[in-house]
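Trainee: After the sequence you'll find the predicted model.
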Amino acid sequence: MHDRLSLTSEVADALAQRRPVVALESTVIAHGMPYPKNLDTARSLEALIRAEGAVPATIAVLDGKIRVGLDDDALERLASGDRAGGKAVMKLSRRDLPVALATGAPGATTVAATMIAARLAGIAVFATGGLGGVHRGAETSFDVSADLDELARTSVCVVCAGAKSILDLPKTLEVLETRGVPVLGLGTDEFPAFYSRNSGLPVSHRCDNVTEVAAILRAKWDLGLEGGVVLANPIPEADALDGAAMEEAIAQALADAEAHGITGKSVTPHLLAALERITAGRSLTANMALIRHNAVVAARLAVAFAALPA
Ligand code: PSU
Ligand code: MN
């Protein structure tokens with residue numbers, strides 16, 4: 001195993017025995033949800049994955065190592081913004097990983113950085129809430145998440161509820177198409193829009209169960225086609241928010257970010273916090289529901305994938 005990684009014995013044993021493992025990111029915990037709901041969510045994701053017969057591996061950087069699998073102390077540290085240690089938790093994408101490793105600063109991993117760590121550890125399936133993507137106005141700001149380039153190059157399947165329309169969803173899908181990333185819809189022909197089930201935009205292929213998804217992953221990687229796969233899993237009907245009302249809230253959140261002159265890596269956390277205020281917490285409740293659903297689906301996919309001949 002890579003000496004920059006530190007695996008819990010539970011994760012190491014599962015991987016050595018080719019049992020199913022699901023990676024989880026930590027930026028959504030540290031920078032995407034408020035304390036202590038973020039901590040409750042992080043714990044519940046792990047429990048849901050275990051209940052499906054897979055092993056959860058939440059990923060973050062602590063004390064100069066990429067930790068794959070976190071104990072409760074580590075989760076608490078990330079969720080609370082390292083209250084005890086008193087060091088700000090960095091938001092780590094590909095470019096930031098080496099800085100956190102070399103300086104020893106605590107860091108939460110984005111989709112991009114979690115994919116890198118999962119790949120190094122040998123974990124094929126990863127559950128999150130929403131992908132980063134092409135921001136609205138990217139034609140002038142050039143703000144395109146490094147998540148998209150990571151999906152183009154790193155062989156991990158990312159289970160998500162699509163991407164929220166704080167992003168430019170048509171442009172996000174165009175970039176994924178250009179970079180050769182399959183966007184599979186689980187039980188849907190449409191790319192889901194995070195808080196709502198529909199965006200009006202097509203996925204590249206619809207799958208009706210995780211066995212089909214596992215076979216596509218196997219075929220892609222058997223061919224030597226390096227790179228990720230997006231499995232888009234719509235938010236459950238009962239938890240979905242009204243698409244038009246959310247568009248209104250998103251417009252307000254974008255105006256708020258603009259008024260505060262927010263740029264770079266602060267944009268996504270700022271928009272998420274603004275949305276939570278504007279919707280009086282309904283965006284947060286929906287976010288917690290969809291990420292739980294994604295954890296369950298990812299665990300089932302990891303079980304199906306582990307059952308295939310290598
Ligand atoms: N989208 C969400 N919630 C999140 C994120 C994205 O709905 O918490 C996080 C993920 O960790 C994602 C990152 O990888 O934000 C993207 O940040 P950026 O746009 O700065 O690349
Ligand atoms: Mn960005």
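Mentor: Right, received. Where do you want to start? Ligands and ions are numbered 1, 2, ... in the order given.
Trainee: do you know how far residue 95 is from ligand 1?
Mentor: Separation of residue 95 from ligand 1 (Cβ to the nearest ligand atom, to the nearest Å): 10 Å. Heads up, the C-betas are built off the backbone N, CA and C, glycines and all.
Trainee: where does that residue land in three-state SS?
Mentor: Put simply, residue 95 is helix when judged by DSSP: H, G, I helix; E, B strand; the rest coil.
Trainee: Counting neighbours, what do you get for it?
Mentor: Residue 95 has 11 neighbouring residues, counting by other Cβ atoms under 10 Å.
Trainee: which residues touch the residue nearest to it when sequence neighbours are not counted?
Mentor: Leaving aside its sequence neighbours, residue 95 sits nearest to residue 146 (Cβ to Cβ, 6 or more residues apart in numbering; 7.0 Å). For residue 146, the contact set (Cβ atoms under 8 Å, 6 or more residues apart in numbering) comprises 93, 94, 95, 110, 112, 132.
Trainee: Just give me the closest of those to residue 307.
Mentor: residue 112 (28.5 Å; Cβ to Cβ).
Trainee: Please verify my assumption that the closest one contacts residue 152.
Mentor: No. In this structure, residue 112 is not within contact of residue 152 by Cβ atoms under 8 Å, at 10.6 Å.
Trainee: can you list the residues of the stretch 101-250 of the chain near ligand 1?
Mentor: When proximity is defined as Cβ under 6 Å from any ligand atom, the stretch 101-250 of the chain approaches ligand 1 at 110, 111, 129, 130, 132, 145, 146, 147, 164.
Trainee: So how do I select the buried members of the residues you listed in PyMOL?
Mentor: The buried subset of these, as determined by 16 or more other Cβ atoms under 10 Å, is captured in PyMOL by this line:
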select buried, resi 110+111+129+130+132+145+146+147+164
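Trainee: wait, is residue 6 part of a helix?
Mentor: No. Assessed with three-state DSSP, residue 6 is strand; it does not lie in a helix.
Trainee: Just the strands from the stretch 101-250 of the chain, written as ranges.
Mentor: In the stretch 101-250 of the chain, strands defined by DSSP state E, counting those that start in this stretch lie at 107-109, 125-127, 157-160, 183-186, 205-207, 229-232, listed in chain order.
Trainee: Switch those strands over to CSV; also include distance to residue 30 and mean neighbour count.
Mentor: Shown next, in CSV, are the strands of the stretch 101-250 of the chain (distance: least, Cβ to Cβ, whole Å; neighbours: other Cβ atoms under 10 Å):
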stretch, distance to residue 30, mean neighbour count
strand 107-109, 4, 30
strand 125-127, 16, 30
strand 157-160, 18, 28
strand 183-186, 27, 21
strand 205-207, 31, 16
strand 229-232, 23, 26
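Trainee: I'd like the ones you listed laid out as JSON lines, including mean pLDDT.
Mentor: Below are the strands of the stretch 101-250 of the chain laid out as JSON lines (pLDDT from 0 to 100):
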{"stretch": "strand 107-109", "mean pLDDT": "97"}
{"stretch": "strand 125-127", "mean pLDDT": "98"}
{"stretch": "strand 157-160", "mean pLDDT": "98"}
{"stretch": "strand 183-186", "mean pLDDT": "98"}
{"stretch": "strand 205-207", "mean pLDDT": "98"}
{"stretch": "strand 229-232", "mean pLDDT": "99"}
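Trainee: Cool, thanks, talk later.
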